[in-house]
Each structure stands twice: as structure tokens, then as C-alpha cells.
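*Asks:* Give me a model of this one.
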Amino acid sequence: MNSRNRILLKAELTQDEGRRLTAYQDSVGLWTIGIGHLLGVEKRMTSITDAEANSLLEGDIDRAIDVAATYVPELLYWASDCDEFLAHNNSRARALVNMAFNLGGRLGGFPKFLESIRKHEWTSAAKEMLNSKWATQVGTRATRLRDMILTED
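*Replies:* Residues are numbered from 1 along each chain as shown. Model prediction:
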């Protein structure tokens, strides 16, 4: 992701996920650390440094970009060197990557949302995004991401 959008995305993810340097169980009982870095059912580590949290976040963002690009390749594309992620629409791409960060491959469970994104039907995409159990679980995050989808910022 270009540097400006990656900085914005990191700030948004930190706001949404929080920054915790000790392992904790999330809302469904899975172990997590750093900025939403999923450890899984086992507590594989107990604490990390700020630098380690930042490093984990970078890798997790790269994975989220891959997930988002799998489902919506026409909204997202890669530069020739594959190191820098570029988006046709930065805020909409950030919203999609943010969802992919949170959901992982479960993003594919939103077929109507993804189809609306592919067709650039932003009102429909926003409606579908909020019409989900996920939206009730993440609360204001879903509302903010919906607004980014609707208004391009």
C-alpha cells in the first residue's frame, strides 16, 4: 500500500484493534496480541515489545491485502515490483483491507457485499456490510468503514 495509505490504515487498525503487548483472549476466546494479531486457541507467547507489535502488524497488513485482492482484484492492484500496494480508490480499498484484516478468509462469506464492491454499487455494498453479524460484533468500526465505502473517505 502506498506509504500515505499504509500509515492511515495502521492508525485505523490500531484504533479498531487496540495495541496490547501482552496476550489476551478476544471476544470469541481466541488468543491475540499486539494490534489484532491472532495467536489462535493456544497462547503461543505472553508478551512482545512495541517493535515486535509493529512488525507483526506489517505482516498482518500484507496478508489482509492479499485476502482483499483475492476477492476484489479489480479494485486493488499491485505495482510491478509487488512491494507497493496501490488502490484505485484509497479509502474504499482501506475499508476493504480493514475488513480482510478482521475477517481473514471469512471475508468471502459476504458475497453480496463483494459483488456490490466489484460493480461499484457503493450504497448496496454499504447496506450489505451492515446487514451482518460481523457489523453487530464490531460496532462503530462497521459504521466508520461503511462511511468510507459510501463517501470515498
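*Asks:* With only the CA atoms kept, save the helix or strand hosting residue 101 in CSV.
*Replies:* Using DSSP states H and E, the element containing residue 101 is helix 90-103. Extracted in CSV, the C-alpha atoms of helix 90-103 (Å, rounded to 0.1, in the frame of the first residue of the first chain):
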residue,chain,number,x,y,z
ASN,A,90,-7.8,4.7,-1.4
SER,A,91,-10.4,5.0,1.3
ARG,A,92,-12.6,2.2,-0.1
ALA,A,93,-9.6,0.0,-0.5
ARG,A,94,-8.5,0.7,3.1
ALA,A,95,-12.0,-0.2,4.3
LEU,A,96,-11.9,-3.5,2.3
VAL,A,97,-8.4,-4.3,3.7
ASN,A,98,-9.5,-3.4,7.2
MET,A,99,-12.4,-5.9,6.9
ALA,A,100,-10.0,-8.5,5.5
PHE,A,101,-7.7,-7.9,8.4
ASN,A,102,-10.5,-8.5,10.8
LEU,A,103,-12.2,-11.4,9.0
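*Asks:* Can you tell me which helices and strands the helix or strand just after that helix packs against?
*Replies:* Using DSSP H and E, the helix or strand that follows helix 90-103 towards the C-terminus is helix 111-118. Where contact means 3 or more CB pairs under 8 Å, 6 or more residues apart in numbering; DSSP states H and E, helix 111-118 is packed against helix 122-130. The way it works is simple: take the backbone N, C-alpha and C, and place the C-beta from them, glycine included.
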